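Visitor: have a look at this prediction, sequence included:
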Number of protein chains: 4
Amino acid sequence: MSGRVPSEHEVIGYVKTLSNWGRWGAEDELGTINLITPAKRAAAARLVRDGVAVTGARPIVTDITPDTTFQFMRFMVDSGEGRDTASPERLQARRGAGEFIGMVFHGYTVTHIDTPAHFFWEGKIYNGRSCNLITSREGATVEAVELLHDGVVSRGVLLDVARTRGVRWLGPGEGVMPEDLEAAERATGVRVEAGDILVVRTGYYARRLAEGPVSPLRAGSPGPHAALLPWLKDRGVAVWGSDTHNDVTPTPYPGMGSPFHIGALVGLGLWLIDNMNLEDIATACAARGRWEFLLTLAPLRLRNVTGSPLNPIALF
Amino acid sequence: MSGRVPSEHEVIGYVKTLSNWGRWGAEDELGTINLITPAKRAAAARLVRDGVAVTGARPIVTDITPDTTFQFMRFMVDSGEGRDTASPERLQARRGAGEFIGMVFHGYTVTHIDTPAHFFWEGKIYNGRSCNLITSREGATVEAVELLHDGVVSRGVLLDVARTRGVRWLGPGEGVMPEDLEAAERATGVRVEAGDILVVRTGYYARRLAEGPVSPLRAGSPGPHAALLPWLKDRGVAVWGSDTHNDVTPTPYPGMGSPFHIGALVGLGLWLIDNMNLEDIATACAARGRWEFLLTLAPLRLRNVTGSPLNPIALF
Amino acid sequence: MSGRVPSEHEVIGYVKTLSNWGRWGAEDELGTINLITPAKRAAAARLVRDGVAVTGARPIVTDITPDTTFQFMRFMVDSGEGRDTASPERLQARRGAGEFIGMVFHGYTVTHIDTPAHFFWEGKIYNGRSCNLITSREGATVEAVELLHDGVVSRGVLLDVARTRGVRWLGPGEGVMPEDLEAAERATGVRVEAGDILVVRTGYYARRLAEGPVSPLRAGSPGPHAALLPWLKDRGVAVWGSDTHNDVTPTPYPGMGSPFHIGALVGLGLWLIDNMNLEDIATACAARGRWEFLLTLAPLRLRNVTGSPLNPIALF
Amino acid sequence: MSGRVPSEHEVIGYVKTLSNWGRWGAEDELGTINLITPAKRAAAARLVRDGVAVTGARPIVTDITPDTTFQFMRFMVDSGEGRDTASPERLQARRGAGEFIGMVFHGYTVTHIDTPAHFFWEGKIYNGRSCNLITSREGATVEAVELLHDGVVSRGVLLDVARTRGVRWLGPGEGVMPEDLEAAERATGVRVEAGDILVVRTGYYARRLAEGPVSPLRAGSPGPHAALLPWLKDRGVAVWGSDTHNDVTPTPYPGMGSPFHIGALVGLGLWLIDNMNLEDIATACAARGRWEFLLTLAPLRLRNVTGSPLNPIALF
C-alpha cells in the first residue's frame, strides 16, 4: 500500500481530532448509529432481489482452542435421554429439554457487537462521559447494548480486501488501509456512504477454517489499521465489522494498544462487530457481482451490557 | 368463542393426525421453516415502506421476579471504575470493560425461539427421531438452533387478539382460538399464508408491564389453545410467536400438559417464539393500519442448543 | 441488655481505635488468624472426646427464596438417565455423571467465610492497603482466601445467645451485645480466649427453618452489634461466626451501614463466617454440657477470591 | 512390581466379586464411609502432636491449561476499584467486593471428592440403584455429597509410593500396585486399617509443578491400578485419595475404561478424592517420620451433586 501511515502521535490524537463528541448532543449515546435514517433503511430494503439470507456469524462452540479466553458453556437443565423407556408417570412430567448457556462474548471467537462503552481513553468513554459509569456492580450504566433494542438495519456493504489484493488472507500484523477499501470499491463499483454497515473481509476466518485456530496474541493477526479512522468518519460509516478482532496484532502503536477500538468506540462513537464470518456473505456477493445488501443486526436486549453476541443476517 | 373445543383425545392425537413427519424427507430437521422460500423473503422485503424498525423482544435483566425460574446473570470481567485516576502505567493496560452473561432462556421471561428438539412425546421428537438424541452431555445433537444459521426472514403478520376482542389483555386460562385469529384477520384485512411468521398478541406482556410480574404457574396465563394446531397447519405458518409462554395455564389438557408446544414442535415441526414483547410492534401496526411487515429472526449460532434468546426485528 | 450502646461517632472510630493495622507487620494479610498458634491447635485437638463430627453449614440449594440475591446453579454435564438401556457401544462411552456448580456465596443464604478484602472503609482494606487492589479483572489481589490454604483449625466456642436469653430466636433489629456473650459464658462456664473461633447462635436460622425464609433487607434480622468489636479485640477472637449475615438489619448506624463487617474486617482484620447453621452444633453442645470443641474450617483454595463457601466441622 | 496383574475379566468382575451392595443395608448410600466410627475419629484426634495444619488441595485458578476440560470462572459482582476517590455519597453505598465462582470440579485439575453416584456400571450405581436416579434435571437424587454434611474425619495415612520407589514421580501408564502400598507400609511402619482415609502420592502433581501441565488423555498419567481394589476392600479403607485423577491412563482395561473408579465407586461404595496436592503433606510427614494424622474433609453441602471441591486438612 502506498498510503501514508500516521504517526503514533497522530493516532493518539484521533480521539480528539476525529471526535464526534457533542455532534448529536450532549446526551447522545448512539454515536454513529445516528447516521442510519428510516429512509436509509427503506432504501436498503429495496436492494433485496432474490430473497436469499446469509449469516455473518461464526458458530458458538464449547471447545477450548488457542484463541479461547473464556470458554463458552452449555449445560443441560433437562435432556431427553431415557425418556423413551421411563414409566408413564415419569414421562408425564418430563417432556422437555433445555440448557444453560454462558459466555464472555468479547474475545477472539464469538461474533459480537461492541458498544462505545467497551473501551475508554484517558478516563472517558464516547461523548465525554466518565469511565466510572461502567461499574463492576451495575455494568454499563450508559452506552449499553439495550440502546439497539430496535436492531440495526441498514445497507450492508462488503469490501473483500483479501480478494482485491489477490491473496487467500492477510497475514499477522497486516493492516487494512484506506487504499485497500478504495481499491475494493473500484474493483466492485460499490461506494461506501453515510449510514452504511461496512463489513470488511481479510480472510482471517478463512485461514482459521483452513489451518485451525491460533492465538492472535501469540501468532498475531491482521486487522483494521488505525489509518482507517479518518476515512470511516469521512464516509459516515455507521457500524464497522470485520472477520478479525478489529485491531492489528501486534499493535503498531504500543502507546495506545488498541488504536482502532479506541479511536472508533471512544472518539467516533462507532460501533464495531468483531470476529465475523464473512465467508458465506463473500461467496453470495461474488456469485451475484453485487456487494451491497440489506443487513440486519439484532443484538439481544441485555441490560447494562457492553455488547452482544450477534448473528448478522444479510438479505440479497 | 363459539368454536368447538377439541377433546383431550383429539388433542393428543394431533401429534399423529397433524404430523409433518416425512413431509420434507426422512432427514429433515427444519420442519415448517421449509415453508419459507426465497421468493417469500423477497416479497416480504417489498413490504417495507417507511424504514422504521421495531423490536419484538423483552429486555433481559438480572432481577429475580415471580416468573423467574433461572436468574439471568451478568458479571463484569473488567470495568471502568477508577480508570480515570490510576497511574499511567496501570491505565495503559486497562482500557476496556466486558462481562460474562449466562442464562437459561427457556422459561417465562426471556424472548426466545424453541427448536423442535425442545419437546418430545412418547419418546420422539419431530420427524420421528428418538429423544435420546438430546443428551445431557452433547445437548441437542439434532434439530438444534444452529440449523437457523442464516436466520429466519419472512413476512411477519401480527394478529392482535386482545385488540380484536376489545380487552386490555386475555386472562389466566384463556386460550387463543381459531375464531380469534379469523376475527383479527377480518378486522384488519390481512390473511395468514404459507411461510408467514405469525405473531399473536394476547396482552399478557402489557399486563406484566402494567401490574408487575406474576408466576404463570401459580397465577395462570393466557396462551395459544391447542385447537389452533389444525388451523396453523392448514395455513402453513412457518413460525409461531406470542407474548405468552405459548401454552394456556393451567392446562386444559392435563393428559398432555403442554399440548400447544407438543403438537407444534413434535407433530408439526413448527418452531415457536415464547415470551415476546408485541407492544411496540402492535403500536407500529395500528399507527399504520398495516399488520404485515418484514420480520427478521437472527438466532445465535449456538451449537447443539434447543433454542436461542432472540430479538425479532420488524421492519415497516 | 444494660450495656452502653456506643454512638455512631464511636463506632465509625473503631476502624482506627481498635485497629490491628501494623500489629503483625506491614506485610500482614492474615489479621486475627495470626492469633492461632500450633499450640492452640494442638490443645484444641485434645478437647476431642467421643469423636462425633457436626456441621456448621446450611445446605446449598437451587431454590429462589426471598433471601436469594444470586441463585445457586447446578447444571449437569452428564447424567445417568437412559444409561441402563442404551446400546452396549453407547454405554461403553457413558458411564459417569457430573455437573457445573456456580454461586455468589456472599449474600444471605450460603455459609461462607469473608476475607478482610471483602469490605473497605475510606478507600482502605485491612492493614491500610488500597481498595484498588480488589480489581474487577484480577479479583482480590491481596487478602484473598487462598491465604487460608492450610485451613483454620482451632478451638471452637459456641455461645448460644438465644438459649441464654431464653428465647427461640432474636428478632429483627436485635443486636448481640457484649453482655449477651458474657451471660452465655457465665451460664456455661466456658470463657472465650485468644485464638478461638467464636460462633454465636441467635436462632435466626432456626426461625428460617421454622417459619420459612424472608428477606433480611425487608424484614430485618438480628446480628452482632458493633458494640461487640472492642470485646472481640480484647479477647483475641481469631474468627467470628454466627447464624446471621453478621450485621444487625436495619442498621443502627446509617452512617456506616455495615459497622460490624467494616470494624471487624477492615479495622481488626477479623475474618467472619456468615450464615452459619448452628442448630446441630448447639444440640451437640447442650447434650454434652460442653461448649467447646475442635473446629476445622477448610476454605476452597480459590485464587484471588474474597471468601469461600464453607462447611465448618466441629469435632466433639 | 512382582504382583500378579488381574485379567480384564477379573477386573470387570470386581464390581460383583468385591461388592459391598447390601453390606450396610438395602437403603445405604454411604458405602465405605460406614467404616468410620466415632471411636475411630476420637483415636485420630489423639494423633495430633504439634498442631501443624497442612492442605491436601491444589489451588483453583482461572487459567486454561492442557489439562483443563472446563474453565474455572471467577467474575466480580463488585470490586474496590475507584472506591478511594469517588464522592462520599457513592462511597456510602459501595463498600464491599464479591464475586461469582463457577466450576465443573470433576476433571483433572480441581481437588474434589467423588460420591458413589459419579459412576455407573451396567446401569447401576452403588448398592444396586438405577443410574436413572442421576437425572439431567434434578441431578443426583441419591448418593449425593450432602450425605457428608458432617464432614469426613478420620485417621489419614499417607503412603508415598514415589518416595518408596525412589523416583521423583511415576510415569504415564504406571499403576500403583498393592505391592507399592505394602512396600510403603514396610518402609514407614504405618499400617492401613479399617476406617482410614488413605492418600497415596505418585508424584504426578510434583511433576505438574516441575514441568508444567499436560493433558492426561494425550500424555497419559499414573494412577491407582485396578489391582488395588481387593486390597482396599480387605483393609477397609473408607476414602481413597491420590495426586492423580485416579485411573491409570491410558487404561490397561479398555473393556471397562475407568476400572478403578468403577470398581471403587460402584462396587465398593468407596469414595474417592481426585487431583490432590500431596506435596505439603508428604513434606510434613517426612519431616516428622510420621505418616498418620488427623484428616478432615469438609465437602460443601451441595444438594444433589455428585461430589464437591475439597480442601482436605491434615493436622499433625
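Guide: Right, received. Where do you want to start? Residues are numbered from 1 along each chain as shown, chains lettered A, B, ... in the order given.

Visitor: next, count neighbours for the spatially closest residue to A:Arg288 that is not a sequence neighbour.
Guide: In this structure, A:Arg288 finds its nearest non-sequential neighbour in A:Phe316, 6.3 Å apart by CB to CB, 6 or more residues apart in numbering or on different chains. In short, each C-beta sits where N, CA and C put it, glycine included. For A:Phe316, the count of nearby residues is 24 (other CB atoms under 10 Å in any protein chain shown).

Visitor: contact partners for A:Phe316?
Guide: By CB atoms under 8 Å, 6 or more residues apart in numbering or on different chains, the contact set of A:Phe316 is A:48-54, A:284, A:288, A:290, A:293.

Visitor: quick one: the strands in the stretch 1-150 of chain A?
Guide: With strands called from DSSP state E, counting those that start in this stretch, the stretch 1-150 of chain A shows them at A:53-55, A:73-78, A:98-103, A:112-114, A:124-125, A:129-130, A:134-135, A:139-140.

Visitor: name the single longest strand found in chain A.
Guide: strand A:152-160 (DSSP state E).

Visitor: show me what the residue positioned nearest the centre of chain A bridges to in the sheet.
Guide: Central residue of chain A (CA atoms, centre = their mean): A:Ile273, 0.6 Å from the mean position. Per DSSP bridges, the residues bridged to A:Ile273 are A:Ile113, A:Gly241.

Visitor: ok, it - contacts?
Guide: A:Ile273 is in contact with A:56, A:111-114, A:199, A:239-242, A:297, A:310, A:312, counting by CB under 8 Å, 6+ apart.

Visitor: how about the strands in the stretch 201-316 of chain A?
Guide: Secondary structure of the stretch 201-316 of chain A (DSSP E, counting those that start in this stretch): strands at A:223-224, A:239-242, A:271-274, A:292-297, A:307-309, A:313-315.

Visitor: let's have those strands in JSON lines, adding distance to C:Thr249 and mean pLDDT.
Guide: Below are the strands of the stretch 201-316 of chain A laid out as JSON lines (distance: least, CB to CB, whole Å; pLDDT from 0 to 100):
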{"stretch": "strand A:223-224", "distance to C:Thr249": "52", "mean pLDDT": "98"}
{"stretch": "strand A:239-242", "distance to C:Thr249": "47", "mean pLDDT": "98"}
{"stretch": "strand A:271-274", "distance to C:Thr249": "43", "mean pLDDT": "98"}
{"stretch": "strand A:292-297", "distance to C:Thr249": "45", "mean pLDDT": "98"}
{"stretch": "strand A:307-309", "distance to C:Thr249": "37", "mean pLDDT": "98"}
{"stretch": "strand A:313-315", "distance to C:Thr249": "50", "mean pLDDT": "98"}
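
Visitor: look up how far B:Gly96 lies from A:Val8.
Guide: To be clear, residue A:8 is Glu; Val isn't right here. Counting by CB to CB, to the nearest Å, the gap from A:Glu8 to B:Gly96 is 19 Å.

Visitor: neighbour count: these two, which is higher?
Guide: Comparing A:Glu8 with B:Gly96 by other CB under 10 Å, the one with more neighbours is B:Gly96, at 25 against 15.

Visitor: flag the shaky bits of the stretch 151-300 of chain A, pLDDT-wise.
Guide: Along the stretch 151-300 of chain A, no part satisfies pLDDT under 70.
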